[in-house]
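**Student:** when you get a sec, could you give me coordinates for this:
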Amino acid sequence: MHKALIAVGVPPVDRFQRVLALPASAFVFGPHYPEKPETLRNNGSPRGERFAMVEVVWSVGRSVKIKKQLLQQLVEALSLIDHDPEQLMLVFKETAWENWLFAGGRMLHS
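**Tutor:** Here you go, the predicted model:
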């Protein structure tokens, strides 16, 4: 994940990452969602025990192009460890710069 973020311009020292490995009983997801045939999940393979959900929280303003580049970096990394990219869901959560308070209540950008 960190290498993919660096590849799209995140500074290498920005290592604020959290990995949560949940037991199957605590990770509920729809194996076929979305179920409509016109969706991007057109190969029909259901999500399974290797399904991973990645949530990226970052500042607002990155383009769709950058988001697609990050996705491509992750898909390539998954292929190196023999992980089916169909078992990946990527979600971006964007927040305004004024919502980032890194230390002592000081705003990085004000």
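
**Student:** okay, and the nearest residue to Lys93 once chain neighbours are set aside sits in which element?
**Tutor:** Spatially, and ignoring its direct neighbours in sequence, Lys93 is nearest to Val57 (4.7 Å; CB to CB, 6 or more residues apart in numbering). (C-beta placed from N, C-alpha, C; glycine too.) For Val57, the host element (DSSP states H and E) is strand 52-59.

**Student:** got the contact list for that strand?
**Tutor:** Here strand 52-59 makes contact (CB atoms under 8 Å, 6 or more residues apart in numbering) with 1, 5, 10, 29, 70, 74, 83, 87-97, 100.

**Student:** next: stretch 80-87.
**Tutor:** Contact with stretch 80-87 is made by Arg41, Asn43, Ser45, Arg47, Gly48, Arg50, Phe51, Ala52, Leu74, Val75, Leu78, Ser79, as judged by CB under 8 Å, 6+ apart.

**Student:** show the buried residues in those residues.
**Tutor:** Burial by neighbour count, 16 or more other CB atoms under 10 Å: within these this picks out Arg41, Arg47, Ala52, Leu74, Val75, Leu78.

**Student:** dihedrals phi and psi, the last one?
**Tutor:** When read as degrees, to the nearest 10, the backbone of Leu78 gives phi -60, psi -40.

**Student:** contact partners for it?
**Tutor:** Asp84, Pro85, Leu88.
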